[in-house]
Structure formats: structure tokens, C-alpha cells
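Trainee: model the structure of this input:
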Amino acid sequence: MIRHALFAWLALAVPSVAQDCAPVTHRDRVFTVCTADLATQKVTLHLNGPDGQPLGSFEALERAVEAPIVFAMNGGMYHQDRRPVGLYVEDGVQTAGMVTQAGPGNFGMLPNGIFCVRADRADVFETRAFAADPVACDAATQSGPMLVIDGALHPRFLPESPSAKIRNGVGASDDGGTVYFVISDGPVTFYEMGTLFRDVLGVRNALFLDGSISRLHVPAAGRHDPGRTMGPMIAVTER
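Mentor: Below is the predicted model:
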């Protein structure tokens with residue numbers, strides 16, 4: 001009930017963009033929550049342009065996507081040459097493999113996860129569970145750590161952690177029909193972002209996408225975050 005009342009208020013407060021993106025304050029931190037309804041909108045992943053080179057920017061993404069973009073954001077971690085770090089699927093074609101072992105950095109802080117989009121739904125899966133029982137994704141990106149796993153926060157998140165950065169992440173409703181894309185408007189901890197997904201949005205599985213490079217593009221709201229050249233990007237368009 002709290003969640004529904006919150007978004008009802010936002011729809012009145014910011015009618016021009018509330019259907020897509022709206023501010024949410026949680027634990028004295030401000031986040032922007034962008035909501036995709038898969039009944040009327042499409043979620044796609046994009047890395048390279050027609051020339052085979054990484055798009056890298058929202059401007060290039062706008063030129064590459066035929067339908068008008070409702071909103072877009074960076075879509076997962078990448079190497080220096082923009083190649084995805086883990087599993088990457090675009091238009092049903094896998095171009096990078098899954099990584100299941102622990103490793104350095106946020107990506108390797110297991111459990112990590114996979115954001116998977118299919119024709120009628122989207123889900124966040126814990127990576128090793130996905131590897132044991134994979135599904136065919138039209139689009140997929142792997143990142144880490146998981147923020148929420150089956151309703152529980154990642155076990156390594158600390159309420160008093162001093163590590164605060166701009167961060168973005170993704171989660172989906174239980175029925176897979178609604179996808180929440182979240183970016184913090186200032187530095188936040190993993191704990192703060194994880195509890196936003198779990199306690200405010202009611203998401204049982206959510207995935208961290210990236211940190212300091214996080215950016216959001218909302219043309220109708222005039223928002224176009226500046227920053228470094230990106231690797232994978234997520235675009236939401238009307239069907």
C-alpha cells in the first residue's frame with residue numbers, strides 16, 4: 001500500500017514525467033526511479049553501432065534506435081575496450097559468456113546476477129541459479145553484486161558502510177511485467193540502494209549495474225547526464 005500511494009503522489013506531483021521517471025527519497029537519499037511497463041514498452045540492450053564499434057553515448061544510441069527513446073541508462077560493467085565483463089545478449093545473440101566464479105571488484109562479489117528480458121517479461125536471476133537452469137533471453141546483461149536475492153539483501157551489505165557512490169540498478173516485479181530502473185541522484189551505499197528496491201519498490205530480486213559511470217537519459221524531461229563513454233546501454237521505447 002505504501003508503494004502504490006507513493007507513486008500515486010508522484011503522478012500528481014510531476015505529471016509530465018511520472019509515468020516514466022520520478023524522484024523518490026529513501027533514507028534521506030534521493031533516487032530517480034524509472035518504470036517500464038512491458039505491456040506497452042520494450043526494453044532493449046545496445047552495445048555496437050552498424051560499423052561494429054561501441055556506441056558509447058546516448059547521442060549515438062538515439063541515432064541507432066528506430067523508436068523514440070522514453071529513457072535510457074548504462075547497462076552493465078565493461079572492459080576498457082567497452083566489451084561486457086560477463087554475459088551479454090542483444091537481439092537474441094550472445095556475444096559474451098557468463099562468469100560464475102568469484103573475482104575482484106563489485107562484479108566478482110558473489111552472488112552477482114543477470115538481467116534477462118524475454119518477449120513477455122523481464123527478470124533478475126542470481127548467476128549460478130541461472131547457469132543451472134538457463135532460459136533464452138532476447139536481451140541479457142550480467143553484473144554484480146546482486147542487491148536483493150529472494151527478498152534478502154546481499155549478505156555483505158552493511159548499514160553503516162562508508163562506501164557511497166553514484167549507483168544504478170534494476171529489478172522487476174514478481175510477474176515480470178514491470179521493470180524498475182533506479183539511479184541515485186547523489187552518492188549512496190549498496191545498503192541504501194538495496195533497501196530501496198526491497199522495502200519501497202517491493203522487488204524480490206535486484207541487480208547493481210554500475211557505480212561512478214552511472215548515467216540516465218530522459219528526453220521528455222530534458223535530462224541527459226554527462227560522463228564517460230559507456231559500454232552496454234539499456235533503452236526503453238514504446239511498443
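
Trainee: next, count neighbours for residue 64.
Mentor: For residue 64, the count of nearby residues is 15 (other Cβ atoms under 10 Å). No exception for glycine: its C-beta is placed from N, CA and C like everyone else's.

Trainee: correct me if wrong: it contacts residue 49.
Mentor: Yes - with contact defined as Cβ atoms under 8 Å, residue 64 reaches residue 49; the gap is 5.5 Å.

Trainee: joint contacts of these two?
Mentor: Common contact partners of residue 64 and residue 49 (Cβ atoms under 8 Å, 6 or more residues apart in numbering): residue 55.

Trainee: distance of residue 127 from residue 42?
Mentor: 25 Å (Cβ to Cβ, to the nearest Å).

Trainee: let me redo that: residue 195
Mentor: 29 Å.

Trainee: what does the strand ranked longest in the chain contact?
Mentor: Assignment by DSSP state E gives strand 29-37 as the longest strand of the chain. Strand 29-37 has contacts (Cβ under 8 Å, 6+ apart) with 7, 19-25, 43, 70-71, 73, 122, 177-186, 188, 192-193, 196, 201, 216, 218, 236.

Trainee: report the buried residues of that strand.
Mentor: Within strand 29-37, the residues scored as buried using 16 or more other Cβ atoms under 10 Å are 29, 31, 32, 33, 34, 35, 36.

Trainee: distance of the second one relative to residue 127?
Mentor: When you say that, I think you mean residue 31. 25 Å.

Trainee: for this protein, name the helix or strand with the lowest mean pLDDT.
Mentor: Between all helices and strands in the chain, the lowest mean by mean pLDDT, DSSP states H and E belongs to helix 2-13, at a mean of 42.

Trainee: the residue nearest the centre of the chain sits in which helix or strand?
Mentor: Nearest to the mean C-alpha position of the chain, by Cα atoms, centre = their mean, lies residue 170 at 3.3 Å. Assigned by DSSP states H and E, residue 170 belongs to strand 168-172.

Trainee: now do that strand against strand 29-37, angle only.
Mentor: Per axes from the mean of the first three to the mean of the last three Cα atoms, to 10 degrees, the angle that strand 168-172 makes with strand 29-37 is 40 degrees.

Trainee: off-centre distance for strand 168-172?
Mentor: How far strand 168-172 lies from its chain's middle: 4 Å, per Cα atoms, centre = their mean, to the nearest Å.

Trainee: parallel or antiparallel, list what pairs with the very next helix or strand once past that strand.
Mentor: Following strand 168-172 in sequence order, the next helix or strand is strand 178-184 (DSSP H and E). With DSSP bridges as the test, strand 178-184 is paired with strand 29-37 (antiparallel), strand 168-172 (antiparallel).

Trainee: pLDDT at the residue of the chain most remote from its centre, what is it?
Mentor: No residue in the chain sits farther from the centre than residue 51, which is 26.0 Å out by Cα atoms, centre = their mean. The confidence metric pLDDT takes the value 93 at residue 51.
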